[in-house]
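Q: the sequence isn't on hand, but the structure is:
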């Protein structure tokens, strides 16, 4: 499946081996979507960069906890999101149902979790990533299955 993002770059979703340098997590908790409020980009889904010594599964689990305090045993690889910039980059997209959320003193580069039933309700501090057609397609796929 292909999309063009708001900057004009081609974005491709495809099943791949989850071994890329970036992760994105579409998580739910008690029937709500779990997002994070990034200090620079605004409210978006949790994710980040894989560290050299970790798998993307472990990176997704770590980023989810660091940015939201969320814990899960149901992390599943869904797809790979590739943006053809120069150079291209890929994010392995995971889904998760959180078993619980811990209040944290520090959420690293974010202000912590934001729970919503519909990302269209986010009007203030909204990351441009929430308006990305590809991200919205992924969210629809996840929420229509649950």
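A: Arrived safely. What you see is a predicted model; the values in this text were computed from it and never measured. Numbers count the residues shown, from 1 in each chain.
Q: where exactly do the strands run in this structure?
A: Counting by DSSP state E, the chain has strands at residues 2-4, 10-14, 22-29, 32-38, 42-44, 47-49, 70-72, 76-83, 89-101, 110-116.
Q: buried set for the longest one?
A: Judged by neighbour count using 16 or more other C-beta atoms under 10 Å, the buried positions of strand 89-101 are 90-98, 101. For glycine as for every other residue, the C-beta is placed from the backbone atoms N, C-alpha and C.
Q: now for these, which pair is the farthest apart?
A: 90 and 101 (28.1 Å; C-beta to C-beta).
Q: OK, contacts around residue 4?
A: Neighbouring residues of residue 4 by C-beta atoms under 8 Å, 6 or more residues apart in numbering: 10-11, 133.
Q: just residue 46 next, same as before
A: Residue 46 touches 24-25, 27, 34-36, 63-64, 67-68, 70, 110, counting by C-beta under 8 Å, 6+ apart.
Q: now rank the residues you listed by neighbours and give me the top one.
A: When neighbours are counted by other C-beta atoms under 10 Å, residue 36 leads the contacts of residue 46 with 31 neighbours.
Q: next, the contact list for it, please.
A: 43-46, 67-68, 107, 110-114.
Q: okay, the buried residues of strand 89-101 in TSV with distance to residue 140 and pLDDT next?
A: As requested, the buried residues of strand 89-101 are exported to TSV (distance: C-beta to C-beta, whole Å; pLDDT from 0 to 100):
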residue	distance to residue 140	pLDDT
90	21	93
91	18	94
92	19	95
93	13	96
94	16	96
95	13	95
96	17	96
97	17	95
98	20	97
101	24	96
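Q: would CSV of these with distance to residue 56 be doable?
A: Output for the buried residues of strand 89-101, formatted as CSV (distance: C-beta to C-beta, whole Å):
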residue, distance to residue 56
90, 10
91, 9
92, 5
93, 10
94, 8
95, 13
96, 13
97, 19
98, 18
101, 22
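Q: wait, which of these is closest to residue 19?
A: residue 92 (7.5 Å).
Q: my read: that closest one touches residue 58, true?
A: No. With contact defined as C-beta atoms under 8 Å, residue 92 and residue 58 do not form a contacting pair (11.5 Å).
Q: just to revisit the earlier point, tell me which of the buried residues of strand 89-101 is nearest to residue 138?
A: Nearest to residue 138 among these, with distances taken as C-beta to C-beta, is residue 93, at 6.0 Å.
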